[in-house]
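*Asks:* Provided below for reference: sequence and predicted model.
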Amino acid sequence: MRFAVASVLAFASSVTAVGNAIVVNSTPSTFYLWSVGGSVGPRQTIAAGGNYTEVLHRDAKTGGIAIKITKTADGLYTGAPTQQFSYSLDGAQVWYDLSATMGEPFNGQRVTVTANGGGTIDWPKGSNPGGSQVKVTSSDSNVVFTAYGPA
């Protein structure tokens with residue numbers, strides 16, 4: 001019994017609090033997202049004013065997670081412009097960035113990624129303003145992607 005209690009206490013002390021990856025839709029339109037690591041998660045539909053949350057986690061195959069966002073329901077599979085909000089959990093830290101492939105779905109709309117204690121990624125016009133977009137914060141922080149309505 002003492003061994004079991006000691007093992008549980010040792011395990012509990014090695015587990016650290018982990019934050020969330022959050023996607024906020026502050027646009028007037030619905031968009032769609034998939035959480036992608038070594039496999040593609042189910043499509044999520046995010047209505048205007050809605051949000052999506054997942055616990056920050058590490059993918060066993062790829063290490064990182066890419067939350068892929070399109071404005072069309074089947075966009076991930078049809079080559080639609082895709083916003084990528086990516087993160088990689090690395091022990092006490094989480095690294096995050098923002099990119100776009102196949103075009104910029106939020107062109108003309110502001111998109112940001114924020115985290116307490118970490119840097120902000122800000123694309124005021126929905127396109128990469130240049131420079132490094134990679135930021136880092138404590139793994140117990142929430143990392144929040146927000147898409148805003150047209151300017």
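*Replies:* Everything's here; your move.

*Asks:* residues in contact with the nearest residue to Gly103 once chain neighbours are set aside?
*Replies:* Distances taken as Cβ to Cβ, 6 or more residues apart in numbering place Pro81 nearest to Gly103, at 3.2 Å, with adjacent residues excluded. Every C-beta, even on glycine, is put in place using the N, C-alpha and C of the backbone. Going by Cβ atoms under 8 Å, 6 or more residues apart in numbering, Pro81 touches Thr70, Lys71, Gly75, Ala100, Thr101, Met102, Gly103, Glu104, Pro105, Asn107.

*Asks:* And for the fourth one, the neighbour number?
*Replies:* What it means is Ala100. 19 (other Cβ atoms under 10 Å).

*Asks:* Show me what it is bridged to.
*Replies:* Gln83 (DSSP bridges).

*Asks:* tell me the contacts of it?
*Replies:* Under the criterion of Cβ under 8 Å, 6+ apart, the neighbours of Ala100 are Pro81, Thr82, Gln83, Gln84, Ser127, Asn128.

*Asks:* try the last one
*Replies:* For Asn107, the set of contacting residues under the criterion of Cβ under 8 Å, 6+ apart consists of Pro81, Lys125, Gly126, Ser127.

*Asks:* how does it look with 10 Å?
*Replies:* Pro81, Ala100, Trp123, Lys125, Gly126, Ser127, Pro150 (Cβ atoms under 10 Å, 6 or more residues apart in numbering).

*Asks:* In ChimeraX, how would I select just the buried ones from those?
*Replies:* Written as a ChimeraX command, the selection of buried residues from these, which uses 16 or more other Cβ atoms under 10 Å, is:
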select :81,100,123,126
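
*Asks:* which pair in the contacts of Asn107 spans the largest distance?
*Replies:* Spatial extent of these (Cβ to Cβ) is set by the pair Ala100 and Pro150 at 16.9 Å.

*Asks:* Now do the strands in the protein.
*Replies:* Listed in chain order, the strands of the chain (DSSP state E) span residues 20-26, 31-36, 44-46, 51-55, 64-70, 82-90, 93-101, 109-115, 121-123, 135-138, 143-150.

*Asks:* List the contacts of the fourth one.
*Replies:* The one in question is strand 51-55. Contacts with strand 51-55, where a contact means Cβ under 10 Å, 6+ apart, come from 18-26, 31, 33, 35, 41, 44-46, 65, 67, 69, 87, 89, 142, 144-146.
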